[in-house]
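A.B. asks: Give me a model of this one.
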Amino acid sequence: MDIQQIRCFLAVAEEQHFGRAAERLRITPSPLSRRIRDLENELGGALFVRTYHQVRLTPFGERLMEPAREALERFDALRDVPVEGGADRRPVRVGAAPLAAPQVTATVQAVLGRHAPGIRTQVELAPSAELLDLLHAAKLDLAVVHFPVPGDDLGRLALATGSYAVAMRADDPLSTRLTVRLADLADRPLTLTSPKVHPVMMGTLRERLRRAGVHDLREVPHSDAVQVAAQVQTTGSRSLIMAGLKHPSSRVFDDPAFTVVRLDEPDLIVEVGVVWREDSLETLPYVRSCLEDLRDEYAHRPMQV
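C.D. replies: Residues are numbered from 1 along each chain as shown. Reported below is the predicted structural model:
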């Protein structure tokens with residue numbers, strides 16, 4: 001038994017789905033399934049009841065959850081054990097949403113590097129909603145996420161704004177337009193990523209679409225741009241994407257089979273920023289200095305992404 005098997009077990013147990021767990025762990029489903037089978041063989045009992053669409057824990061799996069979580073938390077805490085004379089030199093734990101503009105994450109890391117030379121930055125990639133949970137659990141010091149951020153218990157600073165575009169097949173009637181409005185999208189289905197990526201942001205977007213008359217909303221199970229592109233190509237639906245996003249997942253729409261047209265809705269913007277727990281700044285002065293620099297530079301003139 002190894003710690004990666006425990007990590008895989010907890011991911012599947014919490015997601016109740018091998019595909020979502022694999023995406024969360026940034027591996028493919030096949031090695032994930034193999035690790036779970038190996039763990040079951042070693043422990044001598046089934047951990048999950050598998051069905052076509054989801055999995056659920058067996059009674060044995062339920063009994064394993066608490067000791068598995070405790071073991072993983074203790075293992076992960078080893079990273080924070082200070083070396084002699086280095087009580088304040090543990091890695092800075094930064095979370096980053098994969099679909100947030102990567103230049104924002106790079107900027108945060110660069111400013112951190114100026115204030116904490118020689119201190120390693122440990123980056124965790126996960127959807128915005130999951131990163132906020134990790135912040136609340138004190139497992140991250142900073143996170144780059146999509147705004148808005150729910151609640152008032154986290155510090156936040158918007159760093160970048162952007163706009164939406166519409167991805168469609170190259171033979172779509174709207175493909176020759178320079179811009180489109182939301183009302184132009186009402187005649188066909190619109191495919192979006194799962195609201196689990198960021199429930200608040202996606203909920204606000206869905207409500208705006210419904211007000212514009214776009215009622216046929218389809219969603220893929222998780223934040224998978226390849227699945228979104230496959231839906232657009234196969235069904236002739238359209239999808240909203242973030243215009244100007246320089247991320248590998250957006251390159252699927254660079255194919256000549258697709259056209260991307262700018263959405264002309266000036267008040268519908270994408271906002272990305274950094275959030276943190278205020279109490280973490282007491283023990284991490286270089287993080288506080290980083291945030292002060294970011295506020296001075298971007299609070300009044302955010303990056304355009």
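A.B. asks: alpha carbons only for contacts and neighbour counts from here, please
C.D. replies: OK.
A.B. asks: Quick check: which ranges of the stretch 51-200 of the chain have low pLDDT?
C.D. replies: Along the stretch 51-200 of the chain, the parts satisfying pLDDT under 70 run over 79-89.
A.B. asks: Show me where the chain has its helices.
C.D. replies: For the chain, helices defined by DSSP state H occupy the ranges 3-15, 18-25, 29-43, 59-77, 102-115, 128-136, 199-211, 225-235, 285-298.
A.B. asks: Contacts for the last one, please.
C.D. replies: Meaning helix 285-298. Here helix 285-298 makes contact (C-alpha atoms under 8 Å, 6 or more residues apart in numbering) with 108, 111-112, 115-116, 157-160, 281.
A.B. asks: Stretch 193-202 too?
C.D. replies: With contact meaning C-alpha under 8 Å, 6+ apart, stretch 193-202 is reached by 127-130, 146-150, 203, 219-225, 228.
A.B. asks: Just the buried ones from the residues you listed?
C.D. replies: Taking 16 or more other C-alpha atoms under 10 Å as the criterion, what is buried in the contacts of stretch 193-202 is 127-130, 146-149, 219-220, 222-223, 225, 228.
A.B. asks: Kindly present the contacts of helix 285-298 as JSON lines, with separate columns for neighbour count and distance to Ile241.
C.D. replies: Shown next, in JSON lines, are those (neighbours: other C-alpha atoms under 10 Å; distance: C-alpha to C-alpha, whole Å):
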{"residue": "Val108", "neighbour count": "22", "distance to Ile241": "23"}
{"residue": "Val111", "neighbour count": "17", "distance to Ile241": "28"}
{"residue": "Leu112", "neighbour count": "23", "distance to Ile241": "29"}
{"residue": "His115", "neighbour count": "16", "distance to Ile241": "34"}
{"residue": "Ala116", "neighbour count": "20", "distance to Ile241": "35"}
{"residue": "Leu157", "neighbour count": "17", "distance to Ile241": "23"}
{"residue": "Ala158", "neighbour count": "23", "distance to Ile241": "20"}
{"residue": "Leu159", "neighbour count": "24", "distance to Ile241": "19"}
{"residue": "Ala160", "neighbour count": "22", "distance to Ile241": "16"}
{"residue": "Leu281", "neighbour count": "15", "distance to Ile241": "35"}
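A.B. asks: Closest one of those to Glu23?
C.D. replies: Set against Glu23, the nearest of the contacts of helix 285-298 by C-alpha to C-alpha is Val108 (24.5 Å).
A.B. asks: who are the neighbours in contact with that closest one?
C.D. replies: Counting by C-alpha under 8 Å, 6+ apart, Val108 makes contact with 290, 294.
A.B. asks: how much space between it and Asp293?
C.D. replies: 10 Å (C-alpha to C-alpha, to the nearest Å).
A.B. asks: same thing with Leu43?
C.D. replies: Distance from Leu43 to Asp293, counting by C-alpha to C-alpha: 51 Å.
A.B. asks: Neighbour count: the two, which is higher?
C.D. replies: Asp293 (16 against 12; other C-alpha atoms under 10 Å).
A.B. asks: and Arg20, how many neighbours?
C.D. replies: A count of nearby residues for Arg20, using other C-alpha under 10 Å, gives 20.
A.B. asks: confidence score at it?
C.D. replies: Reading off the confidence values, Arg20 has pLDDT 83.
A.B. asks: again with the one 3 residues further on
C.D. replies: Among the per-residue scores, Glu23 shows a pLDDT of 79.
A.B. asks: Check the one 3 residues further on too.
C.D. replies: Looking at Arg26, its pLDDT stands at 71.
A.B. asks: For it, the count of nearby residues, please.
C.D. replies: Neighbours around Arg26, by other C-alpha under 10 Å: 11.
A.B. asks: Arg181 too?
C.D. replies: Neighbour count of Arg181, defined by other C-alpha under 10 Å: 14.
A.B. asks: shouldn't it be in contact with Glu265?
C.D. replies: Yes. Assessed by C-alpha atoms under 8 Å, Arg181 is found in contact with Glu265 at 6.4 Å.
A.B. asks: Who are the contact partners of Leu178?
C.D. replies: If you count contacts by C-alpha under 8 Å, 6+ apart, Leu178 has them with 261-262.
A.B. asks: actually Glu219, not the one I wrote
C.D. replies: 191-194.
A.B. asks: Among those, which ones are in strands?
C.D. replies: If you go by DSSP state E, the contacts of Glu219 have 191-192 in strands.
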